[in-house]
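> test case, fold it:
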Amino acid sequence: MIPNLADPRLRRAALAVGGVAALLAVLAWRLDTARFFQSWLLAWLFVLGIALGALVNVMIHELTGGAWGFAVRRPLEAAIGTLPVVAALGLPLALGLAELFPWARPGATEAVVTAKLWYLNPTAFELRALAYFALWIALGVALRRFWRRGETNAAAAPHPALRALAIVGLLVYALTMTLAAVDWIMSLSAEWYSTTFGLLIMVGQALSAFAFAVACSVLGGSLRGSTADGARTAQDLGNILLTFVMLWAYLAFTQFLIIWAADLPVEIGWYAARSQPAWRWLAVAVLGFQFALPVLAMLFRSFKRDPRRLAWLCAAVLIAHWAELLWLVEPPFRSDEVPVHWMDAVALLAVGGVWLARFLFLHAEPPAVPAPAAPRLTDTIDAKRIVAAALIVAAIVAGCAFAISWLDRGFAHGYGREPPAPRLLQAPPVEGPALQPDPKSELEAYRASQQSLLHAYRWVDRPRGVVQIPIEQAMRLATERKGAPGDAQ
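Modelled structure (predicted):
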């Protein structure tokens, strides 16, 4: 157990590891530029998911309240503060767009790529990324400004301005992250698209941030199960973890089921690349540690009420989320290879080390929102807040579906056509004999050629001296031989 996450030695160690790994990453860039950018993108998306997922969890807590939020509030607030560092860590990717995305490669002539260039081009891509981070960072700064004034909806009378900010923030996050998921992950495959993908990425981010916050709270000693309140809070956290896990599994299965039922080559190809033996086993591992294991563990009340066990489970879920991102990002580049490469570990240590050092620095600061004394679930939850949160979730789902549908329709107009309706696959053409345009004349020509063979001389087997003679001569010779003595027998 780590006694104190505020220990400066821990921050210095994380920064040192990140610095050394960054130097190795520079060497890796010189050895294999394309693989370096692939690994860097994977590591960057992992830490980005924790930071943005923390923002989502805190805004949900502002709307719903509950004792559970104060147990993990401090690491969540610190993770939100790392967004500027995450933005800086993503800058190297701007140098490797052509190594990652088919639409960014010069001279791309495929129709499916050129049709999307109005949206997917380096200039628009970078401008959108700047807009995303500007909105996310501004949202985090605005929330922290309320918290520093001691204003929070989680444990006191609601502040209308803070509630409005949380509602707008969730809607802004849903729209921007849906578009960002298209930009940074979905566009790695030129032809593939899914209306569920943005929601799947957002739930994965919320799950990873929640698991990270629970593990930090337990390892740092702020969440203990030695008291009845601590055990009850751990149970609440376990139930919320189960909710995130079930929602993630539902969205992942829905996406797979819809694509499997439609049976369209453009959509199936994305799963086909991930059905190779090595990637198939990775998918099984992700399902085992990010779905089956948490569901099985949460069936036992004693497990949920033990913070240490819950922390180990959250660590397993966090590792599984990194493996899920590996499964989502890397198959277009490593379809027939071993999924994990040593550059993945180097990039994760470089990006994760620098990010963790900043996180620990912010975590050591006094919390912006001190937890109330002995908070109870019944004292901090309001049914109206739950209803409002449910309506916001419905609006988020509708907004994400609209954003993806709008992009899909725009891409289709790039081809000069409307989005095609699902249809059955056409069988490939089978080569066979051509139809006869004039059967009568062809039959006469065939008979003429056969008649010419009947009245001609030609070799049948030259080495054996077998020759063909005209049929009239053959019939005459046969008649003469039949009248010879002994032929009748």
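> could you use CA atoms for every contact and neighbour count after this?
Fine.
> so for stretch 281-296, mean pLDDT?
Averaging pLDDT along stretch 281-296 gives 94.
> okay, it in CSV with CA atoms only?
These are the backbone C-alpha positions of stretch 281-296, laid out as CSV (Å, rounded to 0.1, in the frame of the first residue of the first chain):
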residue,chain,number,x,y,z
TRP,A,281,-7.3,-14.0,-28.0
LEU,A,282,-6.8,-10.4,-27.0
ALA,A,283,-10.5,-9.8,-27.4
VAL,A,284,-11.2,-12.8,-25.2
ALA,A,285,-8.9,-11.4,-22.5
VAL,A,286,-10.6,-8.0,-22.7
LEU,A,287,-14.0,-9.6,-22.3
GLY,A,288,-12.7,-11.7,-19.4
PHE,A,289,-11.1,-8.9,-17.3
GLN,A,290,-13.3,-5.9,-18.3
PHE,A,291,-16.7,-7.8,-18.2
ALA,A,292,-16.8,-11.3,-16.9
LEU,A,293,-14.4,-10.8,-13.9
PRO,A,294,-16.1,-7.6,-12.6
VAL,A,295,-19.6,-9.1,-13.0
LEU,A,296,-18.6,-12.3,-11.2
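> where does this structure dip in pLDDT?
For the chain, the stretches flagged by pLDDT under 70 are 1-3, 108-109, 153-158, 225-226, 336-337, 367-390, 392-394, 396-436, 483-489.
> can you list the domains in it?
Listed by automatic domain parsing, the domain ranges of the chain are 8-414, 445-482.
> of the ones you listed, which is nearest Pro437?
For the domains of the chain, the distance to Pro437 is smallest for domain 445-482, at 13.7 Å, taking CA to CA.
> what about the closest one, distance to the chain center?
Put simply, domain 445-482 sits 76 Å off its chain's centre (CA atoms, centre = their mean, to the nearest Å).
> please work out which of the domains of the chain is packed deepest.
Of all the domains of the chain, domain 8-414 has the most neighbours on average by mean count of other CA atoms under 10 Å, namely a mean of 19.
> can you say which helix or strand has Val460 in it?
strand 458-461 (DSSP states H and E).
> by contact count, what packs against that strand?
Applying 3 or more CA pairs under 8 Å, 6 or more residues apart in numbering; DSSP states H and E, one finds that strand 458-461 makes contact with strand 466-468.
> next SSE after the strand it packs on?
Later in the chain than strand 466-468, the nearest helix or strand by DSSP H and E is helix 471-482.
> leaving out chain neighbours, which residue sits closest to Phe244?
In space, and not counting its chain neighbours, Phe244 is closest to Leu207: 5.7 Å by CA to CA, 6 or more residues apart in numbering.
> show me where the stretch 101-250 of the chain has helices.
Ranges of helices in the stretch 101-250 of the chain, per DSSP state H, counting those that start in this stretch, are 111-114, 122-148, 160-184, 197-219, 228-262.
> redo these as JSON lines? Include distance to Pro277.
Compiled in JSON lines, the helices of the stretch 101-250 of the chain are given as follows (distance: least, CA to CA, whole Å):
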{"stretch": "helix 111-114", "distance to Pro277": "28"}
{"stretch": "helix 122-148", "distance to Pro277": "34"}
{"stretch": "helix 160-184", "distance to Pro277": "26"}
{"stretch": "helix 197-219", "distance to Pro277": "23"}
{"stretch": "helix 228-262", "distance to Pro277": "18"}
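> between those helices, which one is nearest to Pro92?
Pro92 sits nearest to helix 122-148 of all those, at 12.0 Å, using CA to CA.
> just want the angle from the closest one to helix 160-184.
150 degrees (axes from the mean of the first three to the mean of the last three CA atoms, to 10 degrees).
> next one: helix 122-148 to chain centre, how far?
22 Å.
> so what does it touch, helix or strand wise?
With contacts taken as 3+ CA pairs under 8 Å, 6+ apart, helix 122-148 sits against helix 83-89, helix 160-184.
> dump those into CSV; add distance to Pro331 as well.
Output for these, formatted as CSV (distance: least, CA to CA, whole Å):
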stretch, distance to Pro331
helix 83-89, 23
helix 160-184, 14
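> Arg74: which of those helices is closest?
Nearest of the helices and strands packed on helix 122-148 (CA to CA): helix 83-89, 15.5 Å.
> can you give me the strands in the stretch 301-450 of the chain?
Using DSSP state E, counting those that start in this stretch, the stretch 301-450 of the chain contains no strands.
> can you tell which of the helices and strands packed on helix 122-148 is closest to Ile258?
Nearest of these (CA to CA): helix 160-184, 18.5 Å.
> that closest one packs against which elements?
Using 3+ CA pairs under 8 Å, 6+ apart, helix 160-184 sits against helix 33-64, helix 122-148, helix 197-219, helix 383-414.
> let's see that with 7 Å instead.
On a contact count with 3 or more CA pairs under 7 Å, 6 or more residues apart in numbering; DSSP states H and E, helix 160-184 meets helix 33-64, helix 197-219, helix 383-414.
> got the angle between that helix and helix 197-219?
Between the axis of helix 160-184 and that of helix 197-219 there is an angle of 120 degrees, by the same axes, to 10 degrees.
> centre of the chain to helix 160-184, how far?
Relative to its chain's centre, helix 160-184 lies at 19 Å (CA atoms, centre = their mean).
> so what's the gap between stretch 33-49 and the chain middle?
Distance of stretch 33-49 from the chain centroid (CA atoms, centre = their mean) equals 13 Å.
> use 500 as the first number from now on
Taking 500 as the first residue, the last one we looked at is stretch 532-548.
> ok, and what's touching that stretch?
Stretch 532-548 has contacts (CA atoms under 7 Å, 6 or more residues apart in numbering) with 527-528, 585, 589, 592, 595, 598-599, 704, 707, 821, 824-825, 828, 842-843, 846-847, 850-851.
> kindly recompute the last result at 6 Å.
By CA atoms under 6 Å, 6 or more residues apart in numbering, the residues outside stretch 532-548 that reach it are 528, 598, 704, 843, 846-847.
> out of those, who's nearest Thr695?
The closest of the contacts of stretch 532-548 to Thr695 turns out to be Gln704 (CA to CA; 14.6 Å).
> contacting residues around that closest one?
Gln704 sits in contact with 548-549, 552, where contact means CA under 6 Å, 6+ apart.
> rerun at 8 Å
With contacts defined as CA atoms under 8 Å, 6 or more residues apart in numbering, Gln704 is in contact with 548-549, 551-552.
> as a markdown table, those residues with distance to Arg572 would be great.
Below are those laid out as a markdown table (distance: CA to CA, whole Å):
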| residue | distance to Arg572 |
| --- | --- |
| Gly548 | 17 |
| Ile549 | 14 |
| Leu551 | 14 |
| Gly552 | 12 |
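> which one of those is nearest to Pro764?
Looking across the contacts of Gln704 and measuring by CA to CA, the closest to Pro764 is Gly548, at 30.3 Å.
> quick one: secondary structure of Phe569?
Secondary structure, DSSP: H, G, I helix; E, B strand; the rest coil: Phe569 is helix.
> phi, psi for Arg804 please.
Dihedral pair for Arg804: phi -90, psi 0, per degrees, to the nearest 10.
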